[in-house]
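Asker: only geometry, no sequence info:
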Ligand SMILES: O=c1ccn([C@H]2C[C@H](O)[C@@H](CO)O2)c(=O)[nH]1
Ligand SMILES: [Zn+2]
C-alpha cells in the first residue's frame, strides 16, 4: 500500500502536476479542503469538474483490488466544499460481497469527516446499479450530480429513474442527515467510547440496529466505520468494511491492526458480528472484540 505519485503526476496536465507535487510534499490522505481546491484551480487553470476529472487517476491509486485489479477512483464534494477521495476495496480470498465500491468509499469518507450532504460525485467508470442504489439513500437524487469522464454532469435521477428508496419504506430522512440513534454503554475504555459515538451516528432506519467498528493500529491510530443501511438492504455498507476502507485511504497496512472492536445494540433486530469477523479474518489475525450497548 504505497502510492507512486511520480507515475501519476507524469500523466497529468503539466500545470496540475506542478501544483499537486507541491501539495504532495505534505502528508496526503485523499482529502482537499475548499481552500486547497481553489489553489489547485488557480495554479492548474482547471476549474470545477475539469479539475475533479483530472484528479481521478490519483484517487484510483488508493484502491486495493487483489481480485479484479480494476481500480475505481471517485471524488465526493461535501457541502463544505472539501473534496473526498474514494476508491474500491476487495478483500483477498473472500466472497465478493465484502467489497466496497469507489463511490461508497468517497461517500463514507465525507460522512466520517462530518459532512452532512454531498453535491457531486465524480467517478472514472459508470456507477454500477449497486452504487446508484447506495447513492439514492442520500435522498437528494435530483440535486446530486454525477460526473463521468465523457458524459458531463447528470443528476442521480437520470442514472436511476423509477427509483426505490427510503420513502418507499416510510423513512423521510436519509444517509448523512439522519437523527442520532439512542445507544448507551457504561465503559471507561476509550476505544469503546469512540466506537459508541460512531454507532450513535450510524444509519439504520430499517433494522433499527446501530453498529460501528473501530480499528486500532500498533502506533495508536484509530479507524472508524459506521453501519450505513440501504432501503434495498443488499447495498448496505457494513461498519467493518467502512473502517477497513478508511485504513486503505490512509495507506495504513491492515497487518498493523492490534485491536478491533465492534459495538452494536443488545437484542437488536440484526447483528454485524459474524459478517465483521469473516471480513476481519481475511486480513488480520486479531480477534474481534464485541461490546453490546443498550437501546432506550
Ligand atoms: O460502480 C462501480 C463498479 C465497480 N466497482 C468496483 C467493484 C469491484 O471492486 C470492481 C469490479 O467490479 O470495481 C466500483 O467501485 N464502482
Ligand atoms: Zn458500484
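Answerer: Now that the structure is in, tell me what you want to look at. None of the values given here were measured: they were computed from a predicted structure. Ligands and ions are numbered 1, 2, ... in the order given.
Asker: please make it C-alpha for all contacts and neighbour counts, starting now.
Answerer: Fine.
Asker: how about the top helix by length along the chain: buried residues?
Answerer: Longest helix of the chain, by residue count under DSSP state H: helix 48-60. For helix 48-60, a neighbour-count test (16 or more other Cα atoms under 10 Å) marks 49, 51-60 as buried.
Asker: quick one: the next helix or strand after that helix to helix 48-60, angle?
Answerer: Downstream of helix 48-60, the next assigned helix or strand under DSSP states H and E is strand 73-78. In terms of direction (axes from the mean of the first three to the mean of the last three Cα atoms, to 10 degrees), strand 73-78 departs from helix 48-60 by 130 degrees.
Asker: just checking strand 73-78 against ligand 2, any contact.
Answerer: No: using Cα under 5 Å from the ion, strand 73-78 never reaches ligand 2; the gap is at least 10.5 Å.
Asker: direction included, what does the next helix or strand after that strand pair against?
Answerer: With elements assigned by DSSP H and E, the helix or strand that comes after strand 73-78 is strand 83-87. In the sheet, strand 83-87 lines up against strand 31-32 (antiparallel), strand 73-78 (antiparallel) (DSSP bridges).
Asker: now, of those strands, which is deepest in the fold?
Answerer: Mean neighbour counts were compared across the strands paired with strand 83-87 using mean count of other Cα atoms under 10 Å; the top stretch is strand 73-78, at a mean of 29.
Asker: what comes into contact with that one?
Answerer: 52, 56-63, 83-88, 102-103, 105-107, 110, 115-124 (Cα atoms under 8 Å, 6 or more residues apart in numbering).
Asker: stretch 139-151 now?
Answerer: With Cα under 8 Å, 6+ apart as the contact definition, stretch 139-151 has outside contacts at 49, 53, 118-126, 135, 153-157, 165-166, 173-175.
Asker: restricted to strands, list these.
Answerer: In this view, these that belong to strands under DSSP state E are 118-123, 153-155.
Asker: can I get those in JSON lines with distance to ligand 2?
Answerer: Rendered in JSON lines, the data for the ones in strands among the contacts of stretch 139-151 read as follows (distance: Cα to the ion, whole Å):
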{"residue": "118", "distance to ligand 2": "17"}
{"residue": "119", "distance to ligand 2": "18"}
{"residue": "120", "distance to ligand 2": "16"}
{"residue": "121", "distance to ligand 2": "12"}
{"residue": "122", "distance to ligand 2": "13"}
{"residue": "123", "distance to ligand 2": "10"}
{"residue": "153", "distance to ligand 2": "18"}
{"residue": "154", "distance to ligand 2": "17"}
{"residue": "155", "distance to ligand 2": "16"}
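Asker: what segments of the protein are helices?
Answerer: Under DSSP H, the chain gives helices at 5-10, 14-23, 34-44, 48-60, 102-112, 129-136, 156-159, 190-200, 239-249, 273-281.
Asker: helix 48-60 and the second one, what's the angle between them?
Answerer: Same thing as helix 14-23. Here helix 14-23 runs at 60 degrees with respect to helix 48-60, directions being taken by the same axes, to 10 degrees.
Asker: and the pLDDT at the closest residue to residue 105 other than its chain neighbours?
Answerer: Computed as Cα to Cα, 6 or more residues apart in numbering, the closest residue to residue 105 that is not its neighbour in sequence is residue 86, at 4.4 Å. Taken from the predicted model, the pLDDT recorded for residue 86 is 98.
Asker: so what's residue 86 up against?
Answerer: Residue 86 is in contact with 30, 59-60, 62, 73-76, 102-107, 109, 249, counting by Cα under 8 Å, 6+ apart.
Asker: show me which of those is closest to ligand 1.
Answerer: residue 102 (3.9 Å; Cα to the nearest ligand atom).
Asker: kindly check the end-to-end length of stretch 195-212 for me.
Answerer: 6 Å (Cα to Cα, to the nearest Å).
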